[in-house]
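Novice: Next comes the sequence, and after it the predicted model I'd like to discuss.
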Amino acid sequence: MILYALRILRDQPFRLGFTVGGIALCIVLILFLAAVYRGVREGSIDYIRANEADLWVLQGSATNILRGSSILLQAHGSVLENVEGVETVAPVFFLLSSVTIGERASTVYLTGFESRTGLGGPPRLAGGRIASGEGEIVLDRSFARKFGLVLEDTVRIRNQTLRVVGLSEGTNMFVIQYAFVTLEQARNLAGYPGLVTCFLVRLKDPADCERVRADVREDFEDLEVFTHDEFLANNIREMESGFLPLLLVLALLGAVVLTIILSLILSMNILERRNDFAVLKALGSPRRTLRVIVMAQAFILGWAGSLAGFVAIGPLAGVVETLAPEVSTRIEMTMLGATFGSTGLMNLLSSWITLRRIRSVYPLEVFR
Amino acid sequence: MSAPRNNPIVLALERVSKTYSSDGQRVPAVADVSLEIKRGEFVLLLGPSGSGKTTILTLLAGFLQPTSGTVRLLGKSTAEMHPDDLQRERARSMGFVFQNFLLLDALTVLENVVIVQEFCGTARTEARANARRLLNRLGVGHLASRFPPSLSHGEQQRVAIARALANNAGIILADEPTASLESSQAGEIAEILGRLVIEEGRCMVVASHDLRLCHHAQKIIHLRDGHVVRIEKKA
């Protein structure tokens, strides 16, 4: 039966090519959206995930740094340092800032941190070093690539010239990228010398988390204190409530389109071979045989298209990242496995739709 | 030449009528037909177009259910059989030969004869060996790897007969098996069908208006307007 299914497909080489190509394109679309979703999701939280702080202290009602604002006084830090069990308190200042690169302008998520502790700095460096002095900046690697910047190039923020001393990774949030300067530099650029956005706290014993949190809350009722995991979860939730679901909806639409294409092609094959199916029924073919013929076609087409899509997605993602470096994609084996599995489900659904059409093929038709 | 009297009845129509509805009108295709067909019997349904030959054939095969009366296949009423059981019985006990051969063009000659055996669960190796044997017997063994469209009509009909015999079916139903063939080929096919009854004791029911088949038939049922007008039995 599988041989017969193969022959039916082979008899129409152009249709076979177009069908596999169409399915491959759908798979590429689905995988690309999933890869962007994954890339943006991971890129947006890498900074927080890689941070070694045990506690994040923010202004009351601020729950995340992606779409929340928090303003604290530097003086809070001194009080936090005196809480029992606290080892280090590192202030961080976040500022959405315009940056000029030659004649071009863009925006970065400017992050001022203390190079002394390293807390709040870039999660990983792809080149160079961290900013440790006045007039230095570390740019996200994809941002630098987008504007053709390399180490020792300069950018301007609020009329100050900053030299690129490092390139960071894990700092691309797709819609915006982190840039790192010293805390003092960030405050000077903002014009608010005594303010910070949040404090990152390291404890002598991480097991003391709850007690220290309770102590801080007792001292400052207007502060929010989150453990590392809580803060990470808050930011993931915030990000996923944004445009990321849209990517998933688009991926889902791709899957629906794929199912429709496959169903139409299979139905077309059935209608063109209507007489053959009537003959098979007349000769005593059990229902299982017809099911196998249709399902074999669906799985051959679906999985051939998937494999073609898998082969194409890598180079395509590379091209997209070259043309638009801020589009961060992440392709994982689990993603390919899930897509392969989903294609299997779509094959089954398409077969089921097509098999319903076969019900209306009657063996009596061969006697006409 | 006639089937032994004590041979079992394999197919029977008991006062069968079949009426179609067309434009709100009821058109009788077969009216009050009773028939008994035994193993080893060659029955020819003879009559002009519209006489009800093909309707009787499809009733015997269980593709149609009668408006009234009973059709029995190996003693069981087809109306009372579950469709899956009927389909299984059809695959096992019946072989079909059609006017236009109706081979599957996407399969080779050999595969056409193998595929019907797979319906009955025959192992592939055995099915292929059996198919080769049948094709050789019908003089088309050398065409086993060819595809049906490259064959002459006569060759295609021989392959179709091999397919009908593949499951060692005791009943062969043939609908105008010589109508699409040239005269010499038609004669050969008629000979083959006749031999299958005489040499192998199969039951053959042929719907045709080809008088050449009369020579081989033991029972000729003359039909007109859905009625049996005469049954001619040969000694």
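Specialist: Structure received. Keep in mind it's a predicted model, so treat the numbers as computed, not measured.

Novice: only C-alpha atoms for contact and neighbour calcs from this point on.
Specialist: Noted.

Novice: Could you tell me how many residues sit around A:Ala34?
Specialist: The number of residues packed near A:Ala34 is 24, by other CA atoms under 10 Å in any protein chain shown.

Novice: Name the residues of the helix or strand containing it that come out as buried.
Specialist: Using DSSP states H and E, A:Ala34 sits in helix A:13-49. Buried residues in helix A:13-49, counted by 16 or more other CA atoms under 10 Å in any protein chain shown: A:16, A:19-49.

Novice: What is the burial count for A:Leu66?
Specialist: 15.

Novice: is B:Arg26 in a bridge, and if so with what?
Specialist: Beta-bridge partners recorded for B:Arg26 (DSSP bridges): B:Ser21.

Novice: could you list every residue that touches whichever residue of the stretch 151-300 of chain A sits closest to chain B?
Specialist: As assessed by CA to the nearest CA, chain B sits closest to A:Gly284 within the stretch 151-300 of chain A, at 4.2 Å. Contact analysis of A:Gly284 by CA atoms under 8 Å, 6 or more residues apart in numbering or on different chains lists B:Gln87, B:Arg88, B:Glu89, B:Arg90, B:Ala91, B:Arg92, B:Val116, B:Phe119.

Novice: returning to what we had before: could you name the helices and strands sitting against the helix holding A:Ala34?
Specialist: Helix A:13-49 sits against helix A:228-240, helix A:244-272, helix A:287-323, helix A:333-358, with contacts defined as 3 or more CA pairs under 8 Å, 6 or more residues apart in numbering or on different chains; DSSP states H and E.

Novice: Could you dump those helices into TSV and include distance to chain B?
Specialist: Below are the helices and strands packed on helix A:13-49 laid out as TSV (distance: least, CA to the nearest CA, whole Å):
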stretch	distance to chain B
helix A:228-240	51
helix A:244-272	12
helix A:287-323	7
helix A:333-358	16
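
Novice: which stretch in those helices has the least confidence?
Specialist: Out of these, helix A:244-272 stands lowest, with a mean of 81 (criterion: mean pLDDT).

Novice: Just give me the neighbour total for B:Arg202.
Specialist: Neighbour tally, B:Arg202, other CA under 10 Å: 23.

Novice: now B:Gly75
Specialist: Other residues close to B:Gly75 by other CA under 10 Å number 12.

Novice: any idea how far chain A is from the nearest residue to it once chain neighbours are set aside?
Specialist: Using CA to CA, 6 or more residues apart in numbering or on different chains and skipping residues adjacent in sequence, the residue nearest B:Gly75 is B:Val10, 6.8 Å away. Distance, B:Val10 to chain A, using CA to the nearest CA, to the nearest Å: 18 Å.

Novice: Now B:Val10: phi and psi?
Specialist: B:Val10 adopts backbone torsions of phi -100, psi -30, taken as degrees, to the nearest 10.

Novice: residues in contact with it?
Specialist: Residues in contact with B:Val10 (CA under 8 Å, 6+ apart) are B:Glu36, B:Ile37, B:Lys38, B:Arg39, B:Arg72, B:Leu73, B:Leu74, B:Gly75, B:Ile171.

Novice: Could I get the pLDDT score of the fifth one?
Specialist: Per-residue confidence at B:Arg72 stands at 93 (pLDDT).

Novice: SS state for it?
Specialist: For B:Arg72, the assignment made with DSSP: H, G, I helix; E, B strand; the rest coil gives strand.

Novice: Can you name the next helix or strand after the lowest-mean-pLDDT helix or strand in chain A?
Specialist: Least confident element among the helices and strands of chain A, by mean pLDDT, DSSP states H and E: helix A:244-272 (a mean of 81). Downstream of helix A:244-272, the first helix or strand assigned by DSSP H and E is helix A:274-282.

Novice: ok, the closest residue to A:Pro325 other than its chain neighbours - how many residues close by?
Specialist: Ranked by CA to CA, 6+ apart and with sequence neighbours excluded, the top spatial neighbour of A:Pro325 is A:Ser142, at 5.0 Å. Using other CA under 10 Å, A:Ser142 has 25 other residues around it.

Novice: angle of the least confident helix or strand of chain A against helix A:333-358?
Specialist: 40 degrees (axes from the mean of the first three to the mean of the last three CA atoms, to 10 degrees).

Novice: what helices or strands is helix A:244-272 leaning on?
Specialist: helix A:13-49, helix A:287-323, helix A:333-358.

Novice: Am I right that A:Thr19 is in contact with A:Ile265?
Specialist: Yes. Using CA atoms under 8 Å, A:Thr19 is in contact with A:Ile265, at 7.4 Å.
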